[in-house]
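> let's see this in three dimensions:
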Amino acid sequence: MSERLSKSDWIDHGLVTLARDGPASLKAGPLAAGLEVSRGSFYWHFRDLADFRDQVLQRWRERSTERVIDDLEAREGEPDRFRQLMRSAFDGQRTLDRAIRSWAAHDPAVAAVVAEVDALRVGYIAKLLVASGVAPARADSRAAFAYWAFLGQPIVMDPRHAAITGEELDEISALLEAF
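Below you'll find the predicted structure:
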């Protein structure tokens, strides 16, 4: 690699590496080797490995949660934001989320970040349900249920039950949005 790497390049590489190889792969030496640069480049951008890992987690949070919410908020007033979220959530690849959750199972600091993200996601789903007419008292449990389905879908091994169509997701969304 002939051009100078930015902090963002390192973080992006960390996310890809984490998704592919798991949390044990987040070490300065192997990451530098993967980018074909010296470890000095790593330490130019990050105080230490903990700083890097914190920033990797923050980038994951920004991309997988905050940006999604911001995009949907920009469509405020449009119908079917909940259905749009359901379709996009159940359509995507989630290897990075699985790797983050695996990491969280062994690291309390990561678990705390994941818990914050979970709360933010469930809270936003509930907000969308309320906006679609669901009573606030019912929205929280429905949001939690939808989120549990989202988390569980990637671990279903039988391909017949691992995915459903967009139309089926719309039907499920309508059920969750029913008064």
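
> ok, then the element right after the helix or strand that Asp71 is a member of?
Under the assignment given by DSSP states H and E, the secondary-structure element containing Asp71 is helix 67-73. Read in the C-terminal direction, the helix or strand following helix 67-73 is helix 81-91, with elements assigned using DSSP H and E.

> counting contacts, what elements does the helix holding Asp71 pack onto?
For helix 67-73, the contact count by 3 or more Cβ pairs under 8 Å, 6 or more residues apart in numbering; DSSP states H and E identifies helix 81-91, helix 108-131 as packing neighbours. Just so you know, the C-beta spots here come from the backbone N, C-alpha and C atoms, and that holds for glycine as well.

> show me where this structure dips below the pLDDT cut-off.
Using pLDDT under 70 as the threshold, the predicted model of the chain has low-confidence ranges 1-3.

> relative to Ala112, how far out is Met86?
Met86 sits 27 Å away from Ala112, going by Cβ to Cβ, to the nearest Å.

> typed the wrong thing, it's His45
His45 is 24 Å from Ala112, where distance means Cβ to Cβ.

> quick one, which of the two is more surrounded?
Neighbours of His45 and Ala112, each counted by other Cβ atoms under 10 Å, are more numerous for His45; the result is 16 against 12.

> isn't Trp103 right up against Ala19?
No. Applying Cβ atoms under 8 Å, one finds Trp103 not in contact with Ala19, separated by 10.9 Å.

> nearest the middle, which residue of this structure would you pick?
Ranked by distance to the mean C-alpha position of the chain (Cα atoms, centre = their mean), the top residue is Ser64 at 3.6 Å.

> that residue contacts Asp97, doesn't it?
Yes. Ser64 lies in contact with Asp97 (Cβ under 8 Å); the separation is 6.6 Å.
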